[in-house]
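A.B. asks: structure for this input, please:
(chains A and B)
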Number of protein chains: 2
Amino acid sequence: MTSSSDTRHLGGCLCGQVRFALKGPLADIQLCHCSQCRRAQGSAFAANIPAAEADLEFVSGAQALRLYESSPGKVRAFCGRCGSPLFSQTTARPGVVRLRAGTLDEPSGAKLGFHIFADSHADWWDIEDDLPRFSQRAPD
Amino acid sequence: MTSSSDTRHLGGCLCGQVRFALKGPLADIQLCHCSQCRRAQGSAFAANIPAAEADLEFVSGAQALRLYESSPGKVRAFCGRCGSPLFSQTTARPGVVRLRAGTLDEPSGAKLGFHIFADSHADWWDIEDDLPRFSQRAPD
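C.D. replies: Numbers count the residues shown, from 1 in each chain, chains lettered A, B, ... in the order given. The predicted structure is shown next:
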């Protein structure tokens, strides 16, 4: 019998050196418009899927991961070979990683959830959809 | 007298090591949904501003740039310290760089132009705006 909790979502960086498997159903994507995420992605927003760190396994290439501490206690992980951003993690949320949705193999089955730090959106990107939006962090 | 051709647009990576200045008016942003750009950004699309290579000056941190050849003749540049994607360049378009709009300082004054590789969009991201869209590359 296969249940959704048995699912494994595969993904990796652009060069293929870092490959991961994420166990269990995917949480909805949080689109983060904060100024840090915009620069770190080079794009309009980061697309983050929160997950239990214990459910994320690096199948290969973990040694290629590079960590950058963008705020005290918060690190952003990327592939040192191709630069793909893979996840972030903060000591404020122990045991939780925020996987970058764009690194999932397609079809991913991921779904959009809501916007955070919506007030910080890029001046070239208006938020025009009907998803819930929070001016800063989402409430717990 | 100040004309738009005198403008300089500043930007840089998340950690601040790489800083650049782009001369002249900004071309419209091309939102690229191809599978490579999605992985390289970790997000729904890359937001690319084509510019003359001669107009892009690295004010600091050029030595921190890392290049990854994602297709023959096409390189993607990112900051080796923080991973921020900064630009791409291909031998198919000599003298042209495609700057990542999310790395521009705000307010950037950048404007959206059109979608490319729209048929390759992520399964979690529908293109719902009224911008022109091209299934693959834009016509020259």
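A.B. asks: what is the distance between the helix or strand where residue A:97 lies and the centre of its chain?
C.D. replies: Take DSSP states H and E as the rule and residue A:97 turns out to sit in strand A:96-100. Once both centres are worked out by Cα atoms, centre = their mean, to the nearest Å, strand A:96-100 turns out to sit 5 Å from its chain's centre.
A.B. asks: tell me the strands beside it, with direction?
C.D. replies: The strands beside strand A:96-100 in its sheet (DSSP bridges) come out as strand A:46-52 (antiparallel), strand A:85-90 (antiparallel).
A.B. asks: buried residues, that strand. List them.
C.D. replies: Using 16 or more other Cβ atoms under 10 Å in any protein chain shown as the test for burial, strand A:96-100 gives A:97-100. Using the backbone N, CA and C atoms, a C-beta is placed for each residue, glycine as well.
A.B. asks: switch the strands paired with strand A:96-100 over to a markdown table; also include mean pLDDT.
C.D. replies: Output for those, formatted as a markdown table (pLDDT from 0 to 100):
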| stretch | mean pLDDT |
| --- | --- |
| strand A:46-52 | 98 |
| strand A:85-90 | 98 |
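A.B. asks: could I get those as JSON lines with mean neighbour count?
C.D. replies: Formatted as JSON lines, the strands paired with strand A:96-100 follow (neighbours: other Cβ atoms under 10 Å in any protein chain shown):
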{"stretch": "strand A:46-52", "mean neighbour count": "23"}
{"stretch": "strand A:85-90", "mean neighbour count": "25"}
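A.B. asks: strands of chain A, start to end?
C.D. replies: For chain A, the strands defined by DSSP state E occupy A:8-12, A:19-23, A:29-32, A:46-52, A:56-60, A:65-71, A:74-79, A:85-90, A:96-100, A:112-116.
A.B. asks: and residue B:26, which of the ones you listed is closest to it?
C.D. replies: strand A:46-52 (22.6 Å; Cβ to Cβ).
A.B. asks: which one of the buried residues of strand A:96-100 sits closest to chain B?
C.D. replies: residue A:100 (3.1 Å; Cβ to the nearest Cβ).
A.B. asks: state the distance from that closest one to residue A:128.
C.D. replies: According to Cβ to Cβ, to the nearest Å, residue A:100 stands 23 Å off from residue A:128.
A.B. asks: residue A:38 now?
C.D. replies: In terms of Cβ to Cβ, residue A:38 sits 17 Å off from residue A:128.
A.B. asks: pLDDT value on residue A:100, please?
C.D. replies: We have a pLDDT of 98 for residue A:100.
A.B. asks: tell me the contacts of it?
C.D. replies: By Cβ atoms under 8 Å, 6 or more residues apart in numbering or on different chains, the contact set of residue A:100 is A:41, A:46-49, A:84-87, B:42-43.
A.B. asks: also residue A:29?
C.D. replies: By Cβ under 8 Å, 6+ apart, the contact list for residue A:29 reads A:47-49, A:101, A:110-113, B:124.
A.B. asks: thank you kindly, that will do.
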